[in-house]
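Student: based on what follows, work out the 3D shape:
(one chain, ligands or ions: 3)
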Amino acid sequence: MAWVKFFRRPAGGNLAKSYQPGSMLSLAPTKGLLNEPGQNSCFLNSAVQVLWHMDIFRRSLRQLPNHDCHGESCIFCALKGIFSQFQHSRERALPSDNLRHALAETFKDEQRFQLGAMDDAAECFENILERIHLNIVPDADIDSCTSKSCITHQKFAMTLYEQSVCRSCGASSDPLPFTELVHYVSTTALCHQAYDRREERLRSDDMFGELLQAASTIGDLRNCPVGVLHSA
Ligand SMILES: [Zn+2]
Ligand SMILES: [Zn+2]
Ligand SMILES: [Zn+2]
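Tutor: Ligands and ions are numbered 1, 2, ... in the order given. The predicted structure follows:
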């Protein structure tokens, strides 16, 4: 039994047109972000650094004229503020306090990302993307957003579908489509797969895609999708 995930390009996105690798504009100025003792802002700072160094995100954010503003707790405004400081400030390290406050205020009901508390960088990154979607298209459903101006969905959303394929009889289940902004995969599983396939590596062009597929299938023991009981 194999569990397969197929990856598709984001609907309507045209990455090739808006992204030119190697152009001079892609050299984003590098500055640090402050993390004073007790602030525990490293999870947020690393998410901000990732976003800043992604050319496609940085440029798209700059070009957006307006948004649904949440005032003091507006993640969109706070992020734009940091980006503008990255670009114009003469300081070598900048405070991320405004964004930290906006994040804490936005998630106070969930008790996530609160001031002084540590949190998860990947989840912070994903939540910032979701909030930016809400800032740009507040009425669009997060799972089916097709707005051309939504950076979150145009640049990050992957439409995936899961399908189980039986190794014994080849039967497959109906594909189950869903949208994902961040794809989580175990690094250990990925490394194991890379090690197991080191012989094939020289031959295969789409090695990473296959590794991802195999790594997310490990340990999945689902039954034959047409209900046949195969003997082991
Ligand atoms: Zn705002
Ligand atoms: Zn969206
Ligand atoms: Zn089967």
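Student: max-length helix in this structure?
Tutor: Counting by DSSP state H, the longest helix found in the chain is helix 121-136.
Student: now do the buried residues in that one.
Tutor: Neighbour-count burial for helix 121-136, counted by 16 or more other CB atoms under 10 Å, picks out 121, 124-129, 131-136. Any C-beta I mention is one placed from the backbone N, CA and C, and that applies to glycine too.
Student: max pairwise distance over the residues you listed: which two?
Tutor: Largest separation among those by CB to CB: Ala121 and Ile136, giving 23.0 Å.
Student: OK, contacts around Pro95?
Tutor: Applying CB atoms under 8 Å, 6 or more residues apart in numbering to Pro95 gives the contacts Leu33, Leu34.
Student: revised request: answer the last question for Ser173.
Tutor: The contact partners of Ser173, by CB under 8 Å, 6+ apart, come to Gln163, Ser164, Val165, Pro225.
Student: and the last one, how far from Glu180?
Tutor: It refers to Pro225. Separation of Pro225 from Glu180 (CB to CB, to the nearest Å): 22 Å.
Student: one step back: I'd like the buried residues of helix 121-136 as CSV, with pLDDT appended.
Tutor: As requested, those are exported to CSV (pLDDT from 0 to 100):
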residue, pLDDT
Ala121, 95
Cys124, 97
Phe125, 97
Glu126, 96
Asn127, 97
Ile128, 97
Leu129, 97
Arg131, 96
Ile132, 96
His133, 96
Leu134, 96
Asn135, 95
Ile136, 95
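Student: which residues of this protein lie near ligand 1?
Tutor: Listed as neighbours of ligand 1 in the chain under the rule CB under 5 Å from the ion: Cys69, Cys74, Phe76, Cys77.
Student: what is the nearest of those residues to ligand 2?
Tutor: Using CB to the ion, Phe76 comes nearest to ligand 2 of the residues of the chain next to ligand 1, at 12.7 Å.
Student: so the longest helix of the chain, near ligand 2 or not?
Tutor: Yes. Helix 121-136 lies within reach of ligand 2 by CB under 5 Å from the ion, at His133.
Student: same question, stretch 139-153
Tutor: Yes. Stretch 139-153 comes into contact with ligand 2 (CB under 5 Å from the ion), by way of Cys145, Cys150, Thr152, His153.
Student: pLDDT value on the second one, please?
Tutor: As predicted, Cys150 sits at a pLDDT of 95.
Student: so what's it up against?
Tutor: With CB under 8 Å, 6+ apart, Cys150 has these contacts: His133, Ile136, Val137, Ala140.
Student: and the first one, what does it touch?
Tutor: This points to His133. Ala140, Ile142, Cys145, Cys150, Thr152, His153.
Student: would you check that the first one makes contact with Ser149?
Tutor: Just to be clear, that refers to Ala140. No. In this structure, Ala140 is not within contact of Ser149 by CB atoms under 8 Å, at 10.4 Å.
Student: chain neighbours aside, what residue packs nearest to the spatially most central residue of the chain?
Tutor: Geometric centre of the chain, nearest residue: Val182, 3.2 Å, by CA atoms, centre = their mean. Excluding its sequence neighbours, the residue lying closest to Val182 (CB to CB, 6 or more residues apart in numbering) is Glu126, at 4.7 Å.
Student: Ser89 too?
Tutor: Per CB to CB, 6+ apart, closest to Ser89 is Lys31, 7.0 Å.
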